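Enquirer: Okay, sequence plus prediction incoming.
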Amino acid sequence: MLIVWGVIALKINTGLQPIDDLKAVVPQNQSFRPSVLKVDSFFIQNVDRDPFLGTLYRSPKKQKQTPRSPQPKTLKQITYSGIVQNKGHKSPVFVVQINNRQYILKKGQTADSVMLVRGTVNEIVVRQQKQLQTIQRNP
């Protein structure tokens, strides 16, 4: 039993002490020279044949596009509520509802992509989507 404990103690002792033979000697005046890599150029070629099936490659046929007629855009719902004019100013202000939102516009102003072209007490002329529209006043 004494021999077994002696072998264990010897192994622990040798494991804790460093071995001088494993130390590598590193020269102090060593310079670093990176190696030069040679890069090969390459290019991609069109494939004429499928390498797995052996069939010829066919590019998909281009479908002829039929010209679509422009779909009519829905016009906005516009109502003319009235006119407000100050006696001191000559330019009147018009009360216009566009898609149930009320705007106060002068001649030439734009609201919600609708432009007020001209107006009178009874009607206004607006431009939306390059179309002129005459709108009568609501009673």
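Expert: Cool, the structure landed. Residues are numbered from 1 along each chain as shown.
Enquirer: would you list every one of the helices in the chain?
Expert: 2-16 (DSSP state H).
Enquirer: which residues of it score low on pLDDT?
Expert: Low-confidence segments of the chain, defined by pLDDT under 70: 18-30, 57-61, 69-73.
Enquirer: V96 bridge partners, please.
Expert: Beta bridges link V96 to Y80, Y103, judged by DSSP bridges.
Enquirer: Spit out the contact partners of it.
Expert: With contacts defined as CB atoms under 8 Å, 6 or more residues apart in numbering, V96 is in contact with 78-81, 102-105, 111, 114, 116, 124, 126. Quick note: C-beta positions are derived from backbone N, CA and C, even for glycine.
Enquirer: Equivalent analysis for G54, please.
Expert: Applying CB under 8 Å, 6+ apart to G54 gives no contacts.
Enquirer: if I look at it, how far off is D48?
Expert: To D48, G54 is 11 Å away according to CB to CB, to the nearest Å.
Enquirer: Kindly report the same for I98.
Expert: Per CB to CB, I98 is found 61 Å from D48.
Enquirer: again with N100
Expert: From N100 to D48 the distance is 63 Å (CB to CB).
Enquirer: Check S91 too.
Expert: 74 Å.
Enquirer: Equivalent analysis for P67, please.
Expert: As judged by CB to CB, P67 and D48 stand 35 Å apart.
Enquirer: So which of the two has more stuff around it?
Expert: Neighbours per residue (other CB atoms under 10 Å) separate P67 from D48, with D48 holding more: 8 against 5.
Enquirer: And the strands in the chain?
Expert: All strands of the chain, identified by DSSP state E, fall at 78-84, 93-98, 101-105, 110-111, 114-119, 123-128, 131-136.
Enquirer: All set, thanks.
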